[in-house]
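# My questions concern the predicted model and sequence given below.
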Amino acid sequence: MKRKLMILVTVLFTVAGAAMLSLDLPIIRSSAQTQTQDVQKMPEVIILAKDSRLGQVTFNHVSHNSGKYTIDGTTKIACTECHHTAQPAADLADMPPLKTAWPADRTTVLTDELFKKDPKAAGVAACRDCHARAGATPKLLPAIPEIKHEASTAIIRLVNQQAFHRSCDGCHIEVRQQNPQSKAPSATSCVTCHKRTA
């Protein structure tokens, strides 16, 4: 009797499991599937400079891309302010010294709407995909990008640290110039962004 009951329970669990799989219920997801789904979502917070001696930087992506923070006090910050490669190369001609579009034949400009419609097709590259650490090769480019310094003939190699500081500090300086009362982090005080963790 016990043996028949065990067989019946086993059959029921097998049928129930097969039914759940065929219905594609979210209860039964592998960790690989969950990670793939997570990649599709726009991150709310991004931790930058994890290896910095001054401490990591907690970047609130939502506040920067939702309109809570602005450069001029009214206009929402465009995705391409940071993800500058996510636009056609022709559009970059008006934004020196930027010159790299990714992918190179890109025809769309990254927006919230484009990302929400099809995250994979939106073509979002992470900062370090192009601006690798010193001594490393970028994931998407054959070499770390270089630009000519704006005020001299010096060539600047845009490793991740250089790219972050030029982009973040440049924006914060512009915000404070337009609105001196702004609470934007000071580009002259490292610890307004960098925080040591316990």
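Happy to help now that I have it.

# Asn146 pairs with what?
Careful, residue 146 is Glu and not Asn. Beta bridges link Glu146 to Arg157, judged by DSSP bridges.

# wait, isn't it in contact with Ala154?
No: counting by CB atoms under 8 Å, Glu146 does not reach Ala154; the two are 10.3 Å apart. Quick note: C-beta positions are derived from backbone N, CA and C, even for glycine.

# give me every residue that touches the residue nearest the centre of the chain.
Geometric centre of the chain, nearest residue: Ala126, 4.8 Å, by CA atoms, centre = their mean. Applying CB atoms under 8 Å, 6 or more residues apart in numbering to Ala126 gives no contacts.

# Quick check on it: phi, psi?
Backbone geometry at Ala126, expressed as degrees, to the nearest 10, gives phi -70, psi 150.

# Show me the chain divided up by domain.
Following the assignment in automatic domain parsing, the chain carries domains at 1-40, 42-195.

# can you give me the strands for the chain?
For the chain, strands defined by DSSP state E occupy the ranges 45-48, 56-60, 146-148, 155-157, 194-195.

# Dump the ones you listed to a markdown table, plus mean pLDDT, distance to Val109 and mean neighbour count.
Shown next, in a markdown table, are these (pLDDT from 0 to 100; distance: least, CB to CB, whole Å; neighbours: other CB atoms under 10 Å):
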| stretch | mean pLDDT | distance to Val109 | mean neighbour count |
| --- | --- | --- | --- |
| strand 45-48 | 94 | 21 | 13 |
| strand 56-60 | 95 | 22 | 16 |
| strand 146-148 | 91 | 22 | 13 |
| strand 155-157 | 94 | 26 | 13 |
| strand 194-195 | 94 | 31 | 15 |
